[in-house]
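Engineer: output the structure for:
(chains A and B)
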Amino acid sequence: MELFTNQVLAGIATGAIYACMALAVVMIYQAIDHLNFAQGEMAMFSTFIAWQLMQWGLGFWPAFLLTLAISFAGGIIIERALFKPLTNAPVLVHVAGFIALFAILNSVAGLTWDFTIKQFPSPFGSSGFLGSQLISTHQAGMIGVTLVLLLLLFIFFRYTRIGLAMRAAASLPESARLVGINTSWMIALGWGMASAIGAIAGMLIAPVVFLEPNMMGGILLYGFAAAVLGGLTSPLGAVVGGFLVGVFENLVGTYIPGVGNELKLPIALALIIVVLVIKPSGLFGRAIVQRV
Amino acid sequence: MSTVQDSVSQPAAVAAPSKKSMTVGTTATLVVFALLVVSPLFVKNFIIFQMTMVLIYAIAILSLNLLTGGSGQFSLGQSAFYAVGAYTTGILMEHFGVNYALTLPIAGIICFIFGFLFGFPALRLSGVYLALATFALAVAMPQLLKLGVFEHWTGGVQGLVITKPDAPFGLKMSQDMWLYYFTLAISAAIYILAVNLLRSRSGRAMMAIRDNQIAASAMGVDLPLYKTLAFGISAGFTGIAGALGAIVVQFVAPDSFTIQLAIAIFVGMVVGGVGWLPGSLVGAAFIVFVPNVAEHISKGLSGAVFGVFLFAVIFLLPHGARQVAYMAEALLFRKKPK
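Structural biologist: Got it, this is the predicted structure:
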């Protein structure tokens, strides 16, 4: 029983990261109806920026906040410069754009900061949480940050004018434009927020998986799995999906023999395919009907 | 919320050329083929090896082109099929002593089945979801190959070393040279097959699906059948490319088949021109030689170069090499005399 609780708690902790990644994926999907395959690399890049700031002598939290600002601006710049001109392009062109971004960020991070593994400090320390053996302070911190983030996003979308404008722009762009919302900038804002949320995920997971250019590959896959499970159109679904996927991954790894660490990515693959085939709209998503 | 349904109208997933512009004329084809036959006689063995790799990637890109340019479906998971083909050949040659040439059709068939089965759930997915599922496949593939259960056959992380075949019939040529001509023959055969496939009834059905799914199904095209068929054929050809790659490189290991390979194949397709089959060769040359140059300058630079080229193609030359070829043709032949 203790093993079970332990694994569930650990699953919730890693699930927090998947939830962040899934949130970032959903933010962009909401805005432009495309999955950003470069989301993981963007998060990795942000994390390297945070690391660099700390190397230059900043404390964790100043570096954290500065990185969020830089990532936010970076996301907007990428959207304005590279993806805005593609607004009406076929899906293939978008996929090509994301793949290009993926390759560029991965390669530039490797060139700038080298491909060696780096330590990344945790702001929460790694001792037992409240003296318990089950969960470390860092894991508890990851869960806490994710929940706060979700709450902030909920308040933002529910109670602010700009959040309302973003929702309008995402669900009915034509009508939103008619009531005077600048939908194009709402998309850019979505990119900026997604980029910042990804940065949070990157900085939280970096103390666990260590920092290197390829660190986000598997995490992005789990983020996708979480987003698909929760429904690509629902931020709440993304977070719930993230926690579920994290717990599921840990329990499967513990109780099904032969599935150790070496099968973690195939589990994500199987999850994605099963959800897409059985319930493509996910747990909380809306079904999308295509007009002919 | 679940009762609210969004309606979205989308353009076709792929803007691809019409059927006639998917190939080049006979003369141009023969000239290129002749060049490919003659050129290895004048270069060093290492260059021959690289040219062989170009041909192999050309097959892989061609098969992705059939899928994307032909039937309008995406795959970011070609590296997985390539890996299955390579491992099939490696295992058959090293564990069962099968002749290398015989392993190719087997690799093709196994990959066809694998692709067909994977395409089966995938056919419910369109556009970006299919890209997602195949992306997941490509990312997960190296871990699947490292799996302890199969270690006896796959050699686990270590991979398999494959013996390089000699030229048959007592031909006096180096192994590299022989493998080059062997690969060239197979590539030519696959190219002819692909061109004819697109001209056939099935090819027309696939292109109808690409241009407008709903119209195609209204015309009586069996969507699930042709979509999975396209997936299977594409995977089968990629498997043959992988098998050839295993023989030529003499080594298969899980980490040779990462998402980077899938990205390279995808880049090759876009650079060569989506839906333009001869462009596959251009794209293959691009993904073999450009990283070589880039890695000379700095380690890890090739990804950035790939990405920058992709964006350049997207913004400046949406039809890739095809556009360049057409512009060149217009300059050479269509200039009106003053």
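Engineer: so residue A:123 belongs to a helix, correct?
Structural biologist: No - counting by DSSP: H, G, I helix; E, B strand; the rest coil, residue A:123 is not found in a helix; it is coil.
Engineer: show the pLDDT at it.
Structural biologist: Looking at residue A:123, its pLDDT stands at 77.
Engineer: go on, residue B:150?
Structural biologist: pLDDT for residue B:150: 69.
Engineer: any low-confidence regions in the stretch 101-250 of chain A?
Structural biologist: Counting by pLDDT under 70, the stretch 101-250 of chain A contains low-confidence residues at A:126-134.
Engineer: dump stretch B:285-304 to CSV, restricted to CA.
Structural biologist: Extracted as CSV, the C-alpha positions of stretch B:285-304 are listed here (Å, rounded to 0.1, in the frame of the first residue of the first chain):
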residue,chain,number,x,y,z
ALA,B,285,21.2,15.2,-51.9
PHE,B,286,20.3,18.2,-49.6
ILE,B,287,20.0,16.2,-46.5
VAL,B,288,23.2,14.2,-47.1
PHE,B,289,25.6,16.9,-48.2
VAL,B,290,24.3,20.0,-46.3
PRO,B,291,24.9,18.5,-42.8
ASN,B,292,28.3,17.4,-43.9
VAL,B,293,29.3,20.9,-44.7
ALA,B,294,27.5,22.3,-41.6
GLU,B,295,29.1,19.9,-39.2
HIS,B,296,32.5,20.9,-40.6
ILE,B,297,31.9,24.4,-39.5
SER,B,298,30.5,23.5,-36.1
LYS,B,299,29.1,20.5,-34.3
GLY,B,300,25.3,20.6,-34.1
LEU,B,301,24.9,23.3,-36.8
SER,B,302,23.1,21.1,-39.2
GLY,B,303,19.8,21.4,-37.4
ALA,B,304,19.9,25.1,-37.6
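Engineer: buried residues in it?
Structural biologist: For stretch B:285-304, a neighbour-count test (16 or more other C-beta atoms under 10 Å in any protein chain shown) marks B:285, B:286, B:287, B:288, B:290, B:291, B:294, B:300, B:301, B:302, B:303, B:304 as buried. Every residue, glycine included, has its C-beta placed from N, CA and C.
Engineer: in CSV: those, plus pLDDT, secondary structure and distance to chain A.
Structural biologist: Formatted as CSV, the buried residues of stretch B:285-304 follow (pLDDT from 0 to 100; DSSP: H, G, I helix; E, B strand; the rest coil; distance: C-beta to the nearest C-beta, whole Å):
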residue, pLDDT, secondary structure, distance to chain A
B:285, 88, helix, 18
B:286, 88, helix, 13
B:287, 87, helix, 12
B:288, 86, helix, 16
B:290, 84, helix, 12
B:291, 82, helix, 11
B:294, 79, helix, 9
B:300, 73, coil, 4
B:301, 80, helix, 6
B:302, 80, helix, 7
B:303, 82, helix, 3
B:304, 85, helix, 4
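Engineer: identify, from the residues you listed, the entry nearest to residue B:202.
Structural biologist: Of all the buried residues of stretch B:285-304, residue B:202 sits closest to residue B:287, with 28.5 Å by C-beta to C-beta.
Engineer: what ranges do the helices span in the stretch 101-250 of chain A?
Structural biologist: A:137-159, A:161-171, A:173-178, A:183-209, A:217-230, A:235-255 (DSSP state H, counting those that start in this stretch).
Engineer: so which of those helices comes closest to residue B:201?
Structural biologist: helix A:217-230 (35.8 Å).
Engineer: what's the most buried one of the helices of the stretch 101-250 of chain A?
Structural biologist: Compared across the helices of the stretch 101-250 of chain A, helix A:217-230 shows the largest average neighbour count, a mean of 28 (mean count of other C-beta atoms under 10 Å in any protein chain shown).
Engineer: what sits against the closest residue to residue A:50 other than its chain neighbours?
Structural biologist: Once flanking residues are discounted, residue A:50 sits nearest to residue A:67: 4.1 Å by C-beta to C-beta, 6 or more residues apart in numbering or on different chains. Residues near residue A:67 by C-beta atoms under 8 Å, 6 or more residues apart in numbering or on different chains: A:46, A:47, A:49, A:50, A:53, A:199, A:203.
Engineer: one more time with 7 Å
Structural biologist: By C-beta atoms under 7 Å, 6 or more residues apart in numbering or on different chains, residue A:67 lies in contact with A:46, A:49, A:50, A:53, A:199, A:203.
Engineer: pLDDT wise, what is residue B:167 at?
Structural biologist: So residue B:167 comes in at 67 (pLDDT).
Engineer: let me fix that: residue B:252
Structural biologist: pLDDT at residue B:252 comes out at 85.
Engineer: give me phi/psi at it?
Structural biologist: phi -120, psi 140 (degrees, to the nearest 10).
Engineer: quick one, what contacts it?
Structural biologist: Residue B:252 touches B:86, B:87, B:90, B:159, B:160, B:246, counting by C-beta under 7 Å, 6+ apart.
Engineer: how many residues are close by the closest residue to residue B:128 other than its chain neighbours?
Structural biologist: Residue nearest to residue B:128 in three dimensions, not counting chain neighbours: residue A:35, with 5.3 Å by C-beta to C-beta, 6+ apart. Residue A:35 has 24 neighbouring residues, counting by other C-beta atoms under 10 Å in any protein chain shown.
Engineer: helix, strand, or coil at residue A:35?
Structural biologist: Once three-state DSSP is applied, residue A:35 turns out coil.
Engineer: can you tell me which residues contact it?
Structural biologist: With contacts defined as C-beta under 7 Å, 6+ apart, the neighbours of residue A:35 are A:25, A:29, B:128, B:132.
Engineer: give me that answer again for 6 Å
Structural biologist: Counting by C-beta atoms under 6 Å, 6 or more residues apart in numbering or on different chains, residue A:35 touches A:29, B:128, B:132.
Engineer: now the residues you listed in TSV, with neighbour count, distance to residue A:17 and secondary structure?
Structural biologist: Rendered in TSV, the data for the contacts of residue A:35 read as follows (neighbours: other C-beta atoms under 10 Å in any protein chain shown; distance: C-beta to C-beta, whole Å; DSSP: H, G, I helix; E, B strand; the rest coil):
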residue	neighbour count	distance to residue A:17	secondary structure
A:29	22	19	helix
B:128	21	23	helix
B:132	26	19	helix
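Engineer: can you list those residues in TSV and add pLDDT?
Structural biologist: Below are the contacts of residue A:35 laid out as TSV (pLDDT from 0 to 100):
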residue	pLDDT
A:29	84
B:128	76
B:132	85
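Engineer: hang on, residue B:318 in a strand?
Structural biologist: No - assessed with three-state DSSP, residue B:318 is coil; it does not lie in a strand.
Engineer: can you report how many residues neighbour it?
Structural biologist: 17.
Engineer: what does it show for phi and psi?
Structural biologist: Note on residue B:318: backbone dihedrals following degrees, to the nearest 10 are phi -60, psi -20.
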